[in-house]
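**Student:** Sequence and predicted structure below; questions after.
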Amino acid sequence: MISSYLVYHFVFIVSIVLLLPFRIGKAISLNRAIDVRYFGVFLTVILLCSLRYNVGTDYIMYENVFYKINKDIPTLMEYGYYSLNKLFGSFTNGYLYVFAVSAIVTHFFFFKVLYRESIIFWGVFFFFTFGFLFIANNIIRQAIVIPLFYWAVKFIEEKKLFKYLLFIAIGFLFHRSALFLIPFYWIDKIKFGKITWIVFLIISTVISFTSIVPIFIEKVVMLIPKYGAYASRNFESAISSGATNILYALMYIVIVLYMDKVTKKRRHLLYLNIFLVGINLSFIFMTVDFLYRISYYFIPMFSIIIPLLIRELKVGLNKSIITMFFVLISLVFWFKTLIFNDHGCVPYQSFLF
C-alpha cells in the first residue's frame, strides 16, 4: 500500500514541478522546452494509466467485457466501445490496448482544454487532487465523454449546434448518458445572480435529505420495462461522507461569491453555468446511485473553474487566502481518495511487475 502512495505522489509532485513555467499569472510561451515539459507530464499520466493492472473498481468488469465481446457473447455495450474492443480482439491481452487508447483519448482532450484556457499549472494540480485521474481509471467509458463535453463548450460559445451535437454523438458511442448533455447547448440562456445560485444550493441540499427523488424515480422506472430492474434497488446515498458534501458546498459558495471574476469571457461563463447547474443536480440525485453518475460530468470541472478564478484574482492577500482555501480542500480530497481507496485506486499495480 505504501508503494502505491509513493507512485501517485511521485507522479503528482514531478508533474507540478515540471509545469511551474505554466503557473497562473504568467503568459504561456510556446517555447519548445516548455512544450516538452507539458508533453512529458501528459505522457507520464498516460503511462501511469496504461500500465496499470486491476486498478479501478470496474477494471475486472471491463476486462470481462473484452473477452465476452471477442467470444461473441451477447453484451449490452455502446457501439464505439464495442468496436474498440473488437479492434484489439486478436491481440494478446487486448483489453490492455483498449484501456491505453481510452486513457489517451480521455487525457488528450482534458489536457487540451486546460491548455486552451491557459490554466495548465493549476488545472493539472486540481486534476490530480480532485481525483479525475482516479475517476477515469474507473468509469472508463464515461471518462471518454467528459473531456469531449468540455472541449465542445467552445461550439456552444460559437453557436455551432451541429459541431456540438457531433461531439455529443461521438460521446454517445461510448456512454449513453451523453444524451443528457444535449440541453446544455442552451446553457447560455441562464443568467442568475449570486443570491439565486445560493438559494438553489439550499434547495438542492434540502431535497437531498428527503426521499422525494428516489420515490419519484422508483415509480418512473417501474413503468419502463427495460429499466424496471432498478425499481428493486435500494436507493441509498451515492455519497457516503457528509464531510464531502460540506466541502463541495463551501467551494460552490466561494465560487459563486467571486463569480464575476470568472464571467469576463463568454466561454468561461458557460463553464460556470454548467458547473453550478451540475453541482445542484449532483446534490439532488445523490440519493439515487445510478443517477448520481451524471455528477461525474460536473465534478471534474473544479479543475477548470477554480484555476480560472485564481487567475483572475488580483495579486494580494485575498488571492493568497482563496488559493490556499482551494488547495487545502483539494488536498483533503487527494488524501481521502488514497486512504479510502475511492474508485479502486489502490493498491497501484502494473502488469510489468
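**Tutor:** Here it is on my side, so go on. Numbering: from 1, shown residues only.
**Student:** following the helix or strand bottoming out on mean pLDDT in the chain, which helix or strand comes up?
**Tutor:** Across the helices and strands of the chain, mean confidence by mean pLDDT, DSSP states H and E is lowest for helix 212-222: a mean of 74. Sequence-wise, the next helix or strand downstream of helix 212-222 (DSSP states H and E) is helix 242-257.
**Student:** Go through that following helix and flag the buried ones.
**Tutor:** For helix 242-257, the neighbour count (16 or more other Cβ atoms under 10 Å) marks Asn245, Leu247, Tyr248, Ala249, Met251, Tyr252, Val254, Ile255, Val256 as buried. No exception for glycine: its C-beta is placed from N, CA and C like everyone else's.
**Student:** Identify the residues contacting the nearest residue to the last one once chain neighbours are set aside.
**Tutor:** Nearest in space to Val256, with sequence neighbours left out and distances taken as Cβ to Cβ, 6 or more residues apart in numbering, is Trp197 at 4.7 Å. Remark: with contacts taken as Cβ atoms under 8 Å, 6 or more residues apart in numbering, Trp197 is in contact with Val256, Met259, Leu276.
**Student:** Mind putting these into CSV with distance to Phe351 and pLDDT?
**Tutor:** Shown next, in CSV, are the contacts of Trp197 (distance: Cβ to Cβ, whole Å; pLDDT from 0 to 100):
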residue, distance to Phe351, pLDDT
Val256, 45, 97
Met259, 45, 95
Leu276, 41, 97
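**Student:** from these, which single one is nearest Arg23?
**Tutor:** Met259 (23.3 Å; Cβ to Cβ).
**Student:** separation between that closest one and Ile203?
**Tutor:** According to Cβ to Cβ, to the nearest Å, Met259 and Ile203 sit 18 Å apart.
**Student:** Have a look at the two and say which one is more surrounded.
**Tutor:** Taking neighbours as other Cβ atoms under 10 Å, Met259 and Ile203 compare with Met259 leading, 20 against 13.
**Student:** Quick check: the more buried one vs Val45, distance?
**Tutor:** 30 Å.
**Student:** Gln349 now?
**Tutor:** 17 Å.
**Student:** More neighbours: which of those two?
**Tutor:** When Gln349 and Val45 are compared for neighbours, Val45 comes out ahead with 23 against 16, by other Cβ under 10 Å.
**Student:** what sits against the more buried one?
**Tutor:** Val11, Ser15, Ala103, His107, Leu133.
**Student:** Among those, which ones are in helices?
**Tutor:** Among these, DSSP state H puts Val11, Ser15, Ala103, His107, Leu133 in helices.
**Student:** Check what pLDDT the last one gets.
**Tutor:** If I follow you right, that is Leu133. At Leu133, the model reports a pLDDT of 96.
**Student:** okay, now it: neighbour count?
**Tutor:** 27.
**Student:** quick check, Ala136 in a helix?
**Tutor:** Yes. Applying DSSP: H, G, I helix; E, B strand; the rest coil, one finds Ala136 inside a helix.
**Student:** any idea how far it is from Leu309?
**Tutor:** For Ala136, the distance to Leu309 equals 24 Å [Cβ to Cβ].
**Student:** again with Ser50
**Tutor:** 32 Å.
**Student:** Settle it for me: which of those two has more neighbours?
**Tutor:** Leu309 (24 against 17).
**Student:** Please, which helix or strand holds the more buried one?
**Tutor:** helix 302-312.
**Student:** tell me what that helix is packed against?
**Tutor:** helix 94-116, helix 120-129, helix 242-257, helix 259-262, helix 266-285, helix 317-339 (3 or more Cβ pairs under 8 Å, 6 or more residues apart in numbering; DSSP states H and E).
**Student:** quick one: contacts for the spatially closest residue to Leu250 that is not a sequence neighbour?
**Tutor:** In this structure, Leu250 finds its nearest non-sequential neighbour in Ile329, 7.2 Å apart by Cβ to Cβ, 6+ apart. Contact analysis of Ile329 by Cβ under 8 Å, 6+ apart lists Leu247, Leu250, Met251.
**Student:** residues in contact with the first one?
**Tutor:** In this structure, Leu247 makes contact with Ile329, Val332, Phe333, judged by Cβ under 8 Å, 6+ apart.
**Student:** Which of those residues sits closest to Leu281?
**Tutor:** Lowest distance from Leu281 to the contacts of Leu247 (Cβ to Cβ) belongs to Phe333, with 19.7 Å.
**Student:** Contact partners for the spatially closest residue to that closest one that is not a sequence neighbour?
**Tutor:** For Phe333, ignoring the flanking residues on the chain, the nearest one in space by Cβ to Cβ, 6+ apart is Phe130 at 5.5 Å. By Cβ under 8 Å, 6+ apart, the contact set of Phe130 is Ile299, Pro300, Phe302, Ser303, Ser330, Phe333, Trp334.
**Student:** where does this protein dip in pLDDT?
**Tutor:** Residue ranges of the chain with pLDDT under 70: 1, 24-34, 221-241.
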